[in-house]
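*Asks:* This is the structure alone, sequence omitted:
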């Protein structure tokens with residue numbers, strides 16, 4: 001096993017999730033770890049109001065104003081921020097040559113479903129209102145952000161609004177019932193995400209909403225008519241089957257879902273690209289997918 005991967009896994013196993021941890025403590029933990037990840041050199045960051053949603057425009061050197069990537073952070077719908085994932089957004093900008101709009105959607109339990117979906121939708125509409133071409137725009141996110149990516153696609157399609165050129169869900173949370181077999185088979189392999197953890201956070205986010213609601217659990221929606229997808233997930237994740245089941249259902253609906261199951265990778269490994277080669281390679285694959293589906297002329 002890669003030395004960097006061993007180090008990351010050891011550190012996370014030494015600090016396992018406990019149901020006794022408060023939401024405030026878990027948020028502080030996430031913010032602290034995110035602040036330690038360096039942003040690549042030459043990146044410009046500008047705060048903005050994206051349709052009433054706080055956001056950052058993250059721009060690697062040479063990024064084009066004609067191409068955009070809407071990035072949605074993870075964090076179980078209750079924590080996370082654009083600031084904590086700035087390094088990942090910057091790396092996506094670098095490999096795609098696009099400007100990245102990274103958003104701070106409202107969080108549960110203060111703002112339960114559908115606040116996060118509403119905010120994601122508002123920022124997408126804002127991009128189009130600014131004259132951005134949806135055929136030169138992609139959407140992607142990690143974990144809960146991956147779920148929001150897919151919920152946004154369903155809402156846009158249902159509303160008859162323009163769809164982006166493609167989408168990149170990374171370790172997406174597609175099923176808030178936690179019903180995938182990998183929650184059991186990978187329980188000892190995944191040092192980060194457990195069924196008990198997600199059951200708690202799903203309850204906070206849903207606040208009584210049926211977990212089978214498609215905009216909350218996109219796996220249970222009609223998956224026809226979606227743009228091309230690149231779905232990346234780690235083989236060691238308890239949430240692996242969220243991605244596998246979603247990709248299979250898209251294909252049965254006649255869509256295109258490129259599923260990449262990365263050997264030995266943990267949940268949201270993309271955020272460790274500053275030290276982990278497989279994270280850097282996964283982000284490079286996003287750049288290749290972007291280039292193959294976006295209009296560049």
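*Replies:* On my side now, so go ahead. All figures in this text were calculated on a predicted structure; none of them were measured in a lab.
*Asks:* right, and residue 148 touches residue 103 too?
*Replies:* No. If you go by Cβ atoms under 8 Å, residue 148 and residue 103 don't touch, sitting 9.3 Å apart. Any C-beta I mention is one placed from the backbone N, CA and C, and that applies to glycine too.
*Asks:* quick one: which of those two has more around it?
*Replies:* When residue 148 and residue 103 are compared for neighbours, residue 148 comes out ahead with 30 against 27, by other Cβ atoms under 10 Å.
*Asks:* Can you tell me the SS state at residue 27?
*Replies:* Following DSSP: H, G, I helix; E, B strand; the rest coil, residue 27 is assigned to helix.
*Asks:* is it true that it touches residue 78?
*Replies:* Yes. Using Cβ under 8 Å, residue 27 is in contact with residue 78, at 7.4 Å.
*Asks:* ok, the two, which is more surrounded?
*Replies:* residue 78 (21 against 17).
*Asks:* Next, the contact list for the nearest residue to the more buried one once chain neighbours are set aside, please.
*Replies:* Spatial nearest neighbour of residue 78, excluding adjacent residues (Cβ to Cβ, 6 or more residues apart in numbering): residue 108 at 4.9 Å. By Cβ atoms under 8 Å, 6 or more residues apart in numbering, the contact set of residue 108 is 77, 78, 115, 116, 201, 204, 205, 207.
*Asks:* Tell me which two in these are the farthest apart.
*Replies:* Farthest-apart pair in the contacts of residue 108 is 115 and 201; separation 14.5 Å (Cβ to Cβ).
*Asks:* Between those two, which has more neighbouring residues?
*Replies:* Of the pair residue 115 and residue 201, residue 201 is the one with more neighbours under other Cβ under 10 Å, namely 23 against 17.
*Asks:* What segments of the stretch 51-200 of the chain are strands?
*Replies:* Taking DSSP state E, counting those that start in this stretch, the strands of the stretch 51-200 of the chain run over residues 53-59, 64-72, 98-103, 137-142, 166-170.
*Asks:* what's the longest one in contact with?
*Replies:* In other words, strand 64-72. For strand 64-72, the surrounding residues in contact (Cβ under 8 Å, 6+ apart) are 58, 82, 85, 88-89, 92-93, 96-103, 105, 120, 123-124, 127, 132-133, 136-142, 144-146, 148-149, 164, 290, 294, 296.
*Asks:* swap the cut-off to 6 Å and go again
*Replies:* 89, 92, 96-102, 132, 136-139, 141, 145, 148-149 (Cβ atoms under 6 Å, 6 or more residues apart in numbering).
*Asks:* chain center to that strand, what's the gap?
*Replies:* Offset of strand 64-72 from its chain centre (Cα atoms, centre = their mean, to the nearest Å): 15 Å.
*Asks:* in that strand, what's buried?
*Replies:* Neighbour counts using 16 or more other Cβ atoms under 10 Å place 66, 67, 68, 69, 70, 71, 72 of strand 64-72 among the buried residues.
*Asks:* Next one: the first one from residue 91, what distance?
*Replies:* Think residue 66. In this view, residue 66 and residue 91 are 20 Å apart by Cβ to Cβ, to the nearest Å.
*Asks:* same thing with the fourth one?
*Replies:* In this structure, residue 69 and residue 91 are 11 Å apart, going by Cβ to Cβ.
*Asks:* now do the second one
*Replies:* Taking Cβ to Cβ as the measure, residue 67 and residue 91 are separated by 16 Å.
*Asks:* how close does the closest residue in space to residue 225 that isn't next to it in sequence sit to residue 118?
*Replies:* Using Cβ to Cβ, 6+ apart and skipping residues adjacent in sequence, the residue nearest residue 225 is residue 157, 5.1 Å away. As judged by Cβ to Cβ, residue 157 and residue 118 stand 17 Å apart.
*Asks:* picking up where we left off before, got the contacts of residue 108 as a markdown table, with pLDDT and distance to residue 178 columns?
*Replies:* Converted to a markdown table, the contacts of residue 108 look like this (pLDDT from 0 to 100; distance: Cβ to Cβ, whole Å):
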| residue | pLDDT | distance to residue 178 |
| --- | --- | --- |
| 77 | 98 | 14 |
| 78 | 98 | 16 |
| 115 | 98 | 21 |
| 116 | 98 | 18 |
| 201 | 98 | 10 |
| 204 | 98 | 14 |
| 205 | 98 | 13 |
| 207 | 98 | 17 |
